[in-house]
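> Provide a 3D model corresponding to the input given below.
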Amino acid sequence: MQEAFYALADDVLAGVSGEEVLLLSFAGEESDFVRFNHSKVRQAGSVSQRELGMELIVGQRHLRSVLTLSGDAEMDRARSAATLAELRERIAHVPEDPHLLYATEVRSGEAVGEDRLPAREDAVDAALAAGEGKDLVGLLGRGGVFAGFANSLGQRNWFGSHTFHLEWCFYHAADKAVKTAYAGFEWDDAAFARKVATAGEQLEVLRQPAKTIEPGEYRVYLTPDAMREYMELLSWGGFGLKDHRTKSTSLLKMIEDGATLADSVTLRENTAEGMSPNFTDSGFLKPDKVTLIEAGRYRDCLVSPRSAKEYRQPCNTDAEYPVSLDMAGGSLAAGDVLGRLGTGLYVNQLWYLNYSDMPACRITGMTRFATFWVEGGQVAAPVNVMRFDETAYRVLGENLLALTAERDFLPCGETYGARSTRSVRLPGALVEGFRFTL
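Below you'll find the predicted structure:
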């Protein structure tokens, strides 16, 4: 894909003239997908696709168009040339954009991760073996995702990442299932076996009569997957410079009132260890890491090109939400979680999260799938669905007892249009006095 993109870029950019600046962005993937139901393969296929973004700039005017590439070099050159001609005809009719910003310093580079993926057949066999005697429902996605950038100023960038993501449920009945995921850059049989064993043990507990818990405050353990839902909601509007300057951020109290989280909470946008490109569609290189919260104190914002221009700050991202969010681990060993939890709730997943009071960073949502009542450090019974209502300042602040030393790498499983390159790397969290309202 890289050679084809660079060849196409050279041809298209040769047509730029006068004061024109042309930015080209490329997105492509070579992915395999396998869908499972009742522990059998129900659907298998592969996707190969390529997309070219073209943005023409003249002064402070700009227009962008996106076209799907066929892979036929001659056809793609002709369609790209025709698209450039159309942009050229229309650009004089659009208003100037005072917040337009793109990279003018040429900083070319490549970052291509090694392909260490398991063969599709091996991953499928492992999933089928895990589901033997159970009702396994899930989806396996694996393959390479690629991005490129080129402009008429001479810059060239390329990125490639190879990952797998197996997400599955051991289904019991009604709304009772154990949902688990295993993902990463390299398959580890032992790590996968541990996840399968844990899910199998939880499935056996799920067969017991469910317990209904009265509303109130409980000690809880939030698994990394439950933490993902919580952190993803915080990411929308929590860390962007625009949201901070317009005082619409959900972390307003940290900015205005000096509110803090626990000293153990450090959050970073960790591009270097994620699976998203390390450059933007406007040609800026992303830093390897941006520290958002350090030891419970707010530190830096994510800054898009438009905000960078408006507020005169360095650009460090495309859009102002994390795509490679990384939370530092703590000191709690995963094997000690139940003992430290003592009596309380073991929460595997959350869903339907939203803000109930955004300025206070209060979040409401539901438990999902396998939530368990724990007594004396032992899993005692499954728990029916509950609603919680909590602020980040309690969950990640005054009521946070510990974070696990182990962290899970959790890619986003979305495939709308293409495989997502978003990911998180998170620990589990032991929290005191977690409020359930229903």
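> Can you verify my assumption that residue 150 contacts residue 13?
Yes - under the criterion of C-beta atoms under 8 Å, residue 150 makes contact with residue 13 at 6.6 Å. (Each C-beta comes from the backbone N, C-alpha and C, glycine too.)
> Of these two, which one has the most company?
Between residue 150 and residue 13, counted using other C-beta atoms under 10 Å, residue 150 has the larger neighbour count: 24 against 19.
> Quick one: residues contacting residue 137.
36-38, 168-169, 171, 177 (C-beta atoms under 8 Å, 6 or more residues apart in numbering).
> nearest to residue 413, of the residues you listed?
Each of these was scored against residue 413 by C-beta to C-beta, and residue 168 proved nearest at 11.0 Å.
> Spatially nearest residue to the closest one, not counting backbone neighbours?
Among residues not flanking residue 168 along the chain, residue 138 sits closest, at 2.8 Å (C-beta to C-beta, 6 or more residues apart in numbering).
> Need the residues touching each of residue 150 and residue 13.
residue 24.
> And the helices in the stretch 51-200 of the chain?
Assigned by DSSP state H, counting those that start in this stretch, the helices in the stretch 51-200 of the chain fall at 73-90, 120-130, 189-206.
> right, and these - which one's nearest residue 352?
Short answer: helix 189-206, nearest of the helices of the stretch 51-200 of the chain by C-beta to C-beta, at 20.5 Å.
> next structured bit after the closest one?
strand 216-222 (DSSP states H and E).
> How about residue 229: what's its closest non-neighbour residue?
residue 350 (4.2 Å).
> For that neighbour, grab phi and psi.
Note on residue 350: backbone dihedrals following degrees, to the nearest 10 are phi -120, psi 160.
> need the contact list for it.
With C-beta under 8 Å, 6+ apart, residue 350 has these contacts: 222, 226, 229-230, 365-368, 388.
> If we go by neighbour counts, what in stretch 68-86 is buried?
For stretch 68-86, a neighbour-count test (16 or more other C-beta atoms under 10 Å) marks 69, 76, 79-80, 83-84 as buried.
> still on that earlier bit, could you dump the helices of the stretch 51-200 of the chain into TSV and include distance to residue 56 and mean pLDDT?
Below are the helices of the stretch 51-200 of the chain laid out as TSV (distance: least, C-beta to C-beta, whole Å; pLDDT from 0 to 100):
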stretch	distance to residue 56	mean pLDDT
helix 73-90	4	96
helix 120-130	40	95
helix 189-206	48	94
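> Output those as JSON lines; include the columns distance to residue 276.
Shown next, in JSON lines, are the helices of the stretch 51-200 of the chain (distance: least, C-beta to C-beta, whole Å):
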{"stretch": "helix 73-90", "distance to residue 276": "25"}
{"stretch": "helix 120-130", "distance to residue 276": "23"}
{"stretch": "helix 189-206", "distance to residue 276": "23"}
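> hmm, back to that, which of the contacts of residue 137 count as buried?
36, 168-169, 171, 177.
> Which of these fall in strands?
36, 168-169, 171, 177 (DSSP state E).
> burial count for the closest residue to residue 213 other than its chain neighbours?
In space, and not counting its chain neighbours, residue 213 is closest to residue 383: 5.7 Å by C-beta to C-beta, 6+ apart. Residue neighbour count, defined by other C-beta under 10 Å, stands at 21 for residue 383.
> who touches residue 383 in this structure?
210-213, 345, 367, 371-373.
> Closest one to residue 303 out of these, please.
Closest approach to residue 303 among the contacts of residue 383 (C-beta to C-beta): residue 367, at 35.5 Å.
> ok, and for whichever strand or helix holds the closest one, which residues are buried?
Element membership of residue 367, judged by DSSP H and E, is strand 362-375. Residues 362-374 are the ones in strand 362-375 that count as buried (16+ other C-beta under 10 Å).
> If residue 145 is in a bridge, with which residues?
residue 29, residue 161 (DSSP bridges).
> From residue 275, how far out is it?
Look at residue 145 and residue 275: by C-beta to C-beta, to the nearest Å, they are 7 Å apart.
> Between those two, tell me which one has more neighbours.
Set side by side, residue 145 and residue 275 give different neighbour counts by other C-beta under 10 Å, the larger being at residue 275 (26 against 22).
> Can you pull the domain assignment for the protein?
Dividing the chain into domains by automatic domain parsing, as the record does, gives the ranges 2-206, 216-436.
> from those domains, which stretch is densest packed?
domain 216-436 (a mean of 19; mean count of other C-beta atoms under 10 Å).
> still on that earlier bit, pick out the most distant pair among the buried ones among the contacts of residue 137.
Farthest pair in the buried ones among the contacts of residue 137, by C-beta to C-beta: 36 and 177, 13.4 Å.
> How about residue 259: what's its closest non-neighbour residue?
Using C-beta to C-beta, 6+ apart, the nearest residue to residue 259 is residue 253, at 3.9 Å.
> meant to ask about residue 282
Per C-beta to C-beta, 6+ apart, closest to residue 282 is residue 102, 4.2 Å.
> Surely the one you found and residue 23 touch.
Yes - between residue 102 and residue 23 there is a contact at 6.2 Å, judged by C-beta under 8 Å.
> between these two, what contacts are shared?
With C-beta under 8 Å, 6+ apart as the test, residue 102 and residue 23 both reach 55, 57, 151, 282-283.
> where does residue 438 land on pLDDT?
Predicted confidence (pLDDT) for residue 438: 88.
> meant to ask about residue 351
93.
> hey, C-alpha coordinates of the helix or strand encompassing it in PDB?
Applying DSSP H and E as the criterion places residue 351 in strand 344-357. The C-alpha trace of strand 344-357 is given here as PDB (Å, rounded to 0.1, in the frame of the first residue of the first chain):
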ATOM      1  CA  GLY A 344     -18.900  -5.900  47.800                       C
ATOM      2  CA  LEU A 345     -19.400  -6.000  44.000                       C
ATOM      3  CA  TYR A 346     -17.200  -7.300  41.300                       C
ATOM      4  CA  VAL A 347     -18.200  -5.400  38.100                       C
ATOM      5  CA  ASN A 348     -17.100  -6.800  34.800                       C
ATOM      6  CA  GLN A 349     -18.800  -4.300  32.500                       C
ATOM      7  CA  LEU A 350     -20.700  -1.000  32.400                       C
ATOM      8  CA  TRP A 351     -22.800   0.500  29.700                       C
ATOM      9  CA  TYR A 352     -25.300   3.200  28.800                       C
ATOM     10  CA  LEU A 353     -23.100   5.800  30.400                       C
ATOM     11  CA  ASN A 354     -23.900   9.500  30.300                       C
ATOM     12  CA  TYR A 355     -23.400  12.600  32.400                       C
ATOM     13  CA  SER A 356     -26.100  13.300  35.000                       C
ATOM     14  CA  ASP A 357     -24.300  16.500  36.000                       C
END
